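Engineer: What would the 3D arrangement of this be:
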Amino acid sequence: MSDVLTLAAEARDRAGKGASRAMRREGRVPAVIYGNKEAALPVHVEEKRLMKLLNTGHFMNSVIELEIDGKTHRTLARDVQFHPVTDRPIHVDFFRVSADSLVTVNVPVRFENEDKSPGLKRGGVLNVVRHDIELKCPANAIPDDVVVDVSGFDVGDSIHISAVTLPANVSTVIDRDFTIATIAAPSGLKSQEAAAEEAAQEG
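Structural biologist: The predicted structure follows:
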């Protein structure tokens, strides 16, 4: 399960582009907390701490507890805007959630047991169709990743979501049996098979 991330924030008493620019010069990033039938709350957070959390790789699919004036707001990051030139974060949208809220998040896919796949052992190539999967799950039980076991899969096989065991109370947003990855033949194996097919046709 994803760890809960914590981030100190301060209420923003001034709005507008000028105030936001001044804030960024001081190493702060403007943000807003909204949702859960409450009024939107403009805040700002420290850029260094925000960057540290962004670099965890789980920022967009972890509960983030924003601490403001001694009060904790449980949120999910819904959008991070970056400067087109410097790539620094310039604004963040946080969405309020309660512990029992059902939330929709994109969770990264992780493949395991590649040494137990006959296709990969023969030099096949794992073609990843989906690097992350959109899941519906409780806010307090967001998985770190979707684990795909490739044991037993051979060249030409497709790996579908039905081959994956998801945690309890977690489901995919897409309700069909979609493909996560395929195991393609390496070019050498393809040419051998083509030559064998040709010889069989000639024979």
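
Engineer: Report the residue ranges of every domain in this structure.
Structural biologist: Structural domains assigned to the chain are 5-97, 103-202, following automatic domain parsing.

Engineer: Including mean neighbour count, could those go into JSON lines?
Structural biologist: Using the backbone N, CA and C atoms, a C-beta is placed for each residue, glycine as well. JSON lines is the format used below for the domains of the chain (neighbours: other CB atoms under 10 Å):
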{"stretch": "domain 5-97", "mean neighbour count": "15"}
{"stretch": "domain 103-202", "mean neighbour count": "15"}
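
Engineer: hang on, S20 is in a helix, isn't it?
Structural biologist: Yes. Counting by DSSP: H, G, I helix; E, B strand; the rest coil, S20 is part of a helix.

Engineer: who's in contact with the closest residue in space to it that isn't next to it in sequence?
Structural biologist: Excluding its sequence neighbours, the residue lying closest to S20 (CB to CB, 6 or more residues apart in numbering) is P30, at 4.7 Å. The neighbours of P30, taking CB atoms under 8 Å, 6 or more residues apart in numbering as the test, are 12, 20, 23-24, 42-44, 90-92.

Engineer: Just give me the closest of the residues you listed to K116.
Structural biologist: Distances from K116 to these, taken as CB to CB, are shortest for V92 (41.3 Å).

Engineer: Please identify which helix or strand holds the closest one.
Structural biologist: In this assignment (DSSP states H and E), V92 forms part of strand 89-96.

Engineer: Adjacent strands (with direction) for that strand?
Structural biologist: Each strand that strand 89-96 pairs with, and the sense of that pairing, follows from DSSP bridges: strand 28-35 (parallel), strand 71-82 (antiparallel).

Engineer: Mind checking what helix or strand follows it in sequence?
Structural biologist: Assignment by DSSP H and E places the next element after strand 89-96 at strand 102-112.

Engineer: Using CSV, write down the CA coordinates of whichever helix or strand comes after that next one.
Structural biologist: Sequence order places helix 118-121 as the next helix or strand after strand 102-112, per DSSP H and E. Only the C-alpha atoms of helix 118-121 are listed here, as CSV (Å, rounded to 0.1, in the frame of the first residue of the first chain):
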residue,chain,number,x,y,z
PRO,A,118,9.6,-19.4,-21.6
GLY,A,119,9.1,-16.7,-24.2
LEU,A,120,11.5,-14.2,-22.5
LYS,A,121,14.0,-17.0,-21.8
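
Engineer: partners of the next helix or strand after helix 118-121, with directions?
Structural biologist: If you walk from helix 118-121 toward the C-terminus, the next helix or strand you reach (DSSP H and E) is strand 125-128. Paired strands of strand 125-128, with direction, are strand 179-184 (antiparallel) (DSSP bridges).

Engineer: Alpha carbons of the strand it pairs with, as PDB, please.
Structural biologist: Only the C-alpha atoms of strand 179-184 are listed here, as PDB (Å, rounded to 0.1, in the frame of the first residue of the first chain):
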ATOM      1  CA  THR A 179      -4.100  -6.200 -22.600                       C
ATOM      2  CA  ILE A 180      -1.300  -5.100 -20.300                       C
ATOM      3  CA  ALA A 181       1.600  -6.500 -22.300                       C
ATOM      4  CA  THR A 182       2.600  -9.000 -25.100                       C
ATOM      5  CA  ILE A 183       5.600 -11.200 -25.600                       C
ATOM      6  CA  ALA A 184       6.900 -10.700 -29.100                       C
END
